[in-house]
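> Model the following, please.
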Amino acid sequence: MEMESPVRFWTHALEGLVVVMPEASGVPFWVWAWAGGTLRDAAPMVLVTVGPSLRDGRVALIALHPEVAVLDGPAIEVDEEFGRLAAWLEANRDAIAGHWYQLDPAGPGHLLSRIRPMRRAALLRAGSAYADA
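Residues are numbered from 1 along each chain as shown. Purely as a prediction, here's the structure:
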């Protein structure tokens, strides 16, 4: 009987992976953006975790176009902070999409320089719009 490996290996599809930590975004999630590489036909996506690791398997795949939507993973949209996350993703959509499509030759560091944290008051207002949906 073959045992499953305790280590999960990520394929080359995640090349150019950049994590935006809560301290940089202002939302209580780790947002993992990557250069889409050969996924040119796919709309920009991010991975979102509630902790600093992709290894535990609790990873939500979120599309940014045509609207912010959870495609796979845990039901992160039921988290009370999801509205704040969605508002932040919308506000930073251009920077994340630029990294996805590899529009910037400077690489991952450029993404982090373009990411803007949102003020807590603005996020709270935006979050209430999602609570009504």
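
> Please identify the buried residues of stretch 30-38?
30-36 (16 or more other C-beta atoms under 10 Å). Any C-beta I mention is one placed from the backbone N, CA and C, and that applies to glycine too.

> how about these, which pair is most distant?
Greatest spatial distance among the buried residues of stretch 30-38 (C-beta to C-beta): W30 and G36, at 19.1 Å.

> In helices, which of the buried residues of stretch 30-38 fall?
Of the buried residues of stretch 30-38, none are assigned to helices by DSSP state H.

> Nearest to R84 among those residues?
V31 (11.8 Å).

> Nearest residue to the closest one in space, please, no chain neighbours.
Closest residue to V31 apart from its sequence neighbours, by C-beta to C-beta, 6 or more residues apart in numbering: V20 at 4.4 Å.

> cool, and D72?
L61 (4.2 Å).

> can you pull out the strands in the protein?
Along the chain, counting by DSSP state E, strands occupy 18-20, 30-33, 45-49, 60-63, 69-72.

> With distance to L89 added, can I get the ones you listed in a markdown table?
Below are these laid out as a markdown table (distance: least, C-beta to C-beta, whole Å):
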| stretch | distance to L89 |
| --- | --- |
| strand 18-20 | 10 |
| strand 30-33 | 7 |
| strand 45-49 | 7 |
| strand 60-63 | 7 |
| strand 69-72 | 10 |
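
> All set now, cheers.
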